[in-house]
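Peer 1: next one to model:
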Amino acid sequence: MLNSRIRVLFQYLVAMQKGDIPCDDSLLRQAASLLRSLPAAHSEKFNDNFLMEYNDKLLMSYLAMITNCTSNMNEVVDKVKTAYAKKSRTGGSRIPFM
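Peer 2: As a prediction, the model looks like this:
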């Protein structure tokens, strides 16, 4: 989302530089203020914070996937258990799974 908004701002500023759009000083000041507030992408602190947040998101993603897989496996085990329980009640020769 941030990337798309910065792209729109960049295209607007390029059009303003070419003369397609009249120059607006207040907009230029706001854009300069916005760019100064963005963190420097090459600082060590930024890289550390970025990697920590990225790893946290990956961990949450993996945990959600494992939880989902465990839930699906539990449903499969319940279905197999139910299927074998019905066979054993009807006098089937199979041994119950669980």
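Peer 1: in what element of secondary structure is residue 75 found?
Peer 2: helix 44-89 (DSSP states H and E).
Peer 1: for residue 1, see how far away residue 57 is.
Peer 2: In this view, residue 57 and residue 1 are 16 Å apart by CB to CB, to the nearest Å. Glycine gets a C-beta too; all of them are placed from N, C-alpha and C.
Peer 1: re earlier: elements contacting the helix holding residue 75?
Peer 2: In terms of contacts (3 or more CB pairs under 8 Å, 6 or more residues apart in numbering; DSSP states H and E), helix 44-89 is not packed against any helix or strand.
Peer 1: average model confidence for it?
Peer 2: Summarised as a single mean, pLDDT over helix 44-89 is 90.
Peer 1: between residue 57 and residue 1, which one's more packed in?
Peer 2: Remark: of residue 57 and residue 1, residue 57 carries more neighbours, 10 against 5, as counted by other CB atoms under 10 Å.
Peer 1: now that one: how far from residue 35?
Peer 2: 26 Å.
Peer 1: same thing with residue 44?
Peer 2: 21 Å.
Peer 1: care to break this protein down by domain?
Peer 2: Following automatic domain parsing, the chain resolves into domains at 1-38, 43-98.
Peer 1: neighbours around residue 16, how many?
Peer 2: With other CB under 10 Å as criterion, residue 16 counts 16.
Peer 1: which SS state does it fall under?
Peer 2: helix (DSSP: H, G, I helix; E, B strand; the rest coil).
Peer 1: which residue is nearest the middle of the chain?
Peer 2: Centroid-nearest residue in the chain: residue 57, 7.2 Å away (criterion: CA atoms, centre = their mean).
Peer 1: how about the contacts made by that one?
Peer 2: Not one residue lies near residue 57 by CB atoms under 8 Å, 6 or more residues apart in numbering.
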